[in-house]
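1. predicted coordinates and the sequence they were generated for:
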Amino acid sequence: MIRLVLVDDQELVRAGLRLILSAHDDLVIVGEAANGQAGVDAARLLKPDVVLMDIRMPVLDGIEATRRLVQASPDAGTPQRVLALTTFEDDEVLWGVIEAGAAGFVLKDAPAVDLVGAIRVTARGGSWLDPQVAQRVMGLVRQRRANTPTPMVDALTDRELEVLRLVASGANNTEIAGSLHLSERTVKGHISAIFLKLGVRDRAGAIIHAYDAGIVPGRYA
């Protein structure tokens, strides 16, 4: 079972999510919250597998709430896996979601099958980038790269490229280890090296670089 906490200030949105998600036996909603701070509190208490996080909310917005959950303090428990629920907001909002450490983002008007797929990928340790939003975020990556040069994908070794391709496919560390016949410890080392060379701190950021560089054909091309 994948345990979820829904965080959105609109009751109608939460009701719609409940309706969609309740149709799947492997998904269970264990808590809800109507603002970012309540969402942080609920997630820390209930320890769900995935937090579905709205961005525009009262009291505490979704970006800061995501940051607090991902960058958990020693007394706050294990960092949470956050899947941001977005609309076509301004570019800085989209970039803020990535910098806050969300595992991915999906548009609120995306097909139900995409939402469910995003949850499952996120729950198993992968990242999900909505195709429409990803195009805009890759544009932001290019802009920032032009202003502040960063290491490119071609700085990666062949093995690191293999690992990055699997990360971009949504594979978690266990799946990558099995596919490449490596130990999970070795996979973690490769992923850390990839993050360092690409100047990112999470899988979502690495995936954006992978698709922007064209090393992974598929939905974001």
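-> Arrived safely, thanks for sending. Numbers count the residues shown, from 1 in each chain.

2. tell me which element the closest residue to residue 68 other than its chain neighbours falls in.
-> Leaving aside its chain neighbours, residue 68 sits nearest to residue 40 (5.2 Å; criterion: C-beta to C-beta, 6 or more residues apart in numbering). In short, each C-beta sits where N, CA and C put it, glycine included. According to DSSP states H and E, residue 40 maps onto helix 36-46.

3. C-alpha coordinates for that helix, CSV please?
-> Taking Å, rounded to 0.1, in the frame of the first residue of the first chain, the C-alpha atoms of helix 36-46 are listed here in CSV:
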residue,chain,number,x,y,z
GLY,A,36,1.2,24.2,4.1
GLN,A,37,1.9,24.2,7.9
ALA,A,38,-0.9,21.8,8.6
GLY,A,39,0.5,19.6,5.8
VAL,A,40,4.0,19.6,7.3
ASP,A,41,2.5,18.7,10.7
ALA,A,42,0.4,15.9,9.2
ALA,A,43,3.2,14.5,7.2
ARG,A,44,5.6,14.4,10.2
LEU,A,45,3.0,12.7,12.3
LEU,A,46,1.6,10.2,9.8
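
4. now that helix: buried residues?
-> Neighbour-count burial for helix 36-46, counted by 16 or more other C-beta atoms under 10 Å, picks out 36, 37, 38, 39, 40, 42, 43, 44.

5. run through the neighbouring helices and strands of the next helix or strand after it.
-> Per DSSP H and E, the first helix or strand lying C-terminal to helix 36-46 is strand 50-54. Contact here means 3 or more C-beta pairs under 8 Å, 6 or more residues apart in numbering; DSSP states H and E; on that basis strand 50-54 packs against strand 2-7, helix 36-46, helix 62-70, strand 82-86, helix 112-123.

6. avg pLDDT for strand 50-54?
-> For strand 50-54, mean pLDDT rounds to 95.
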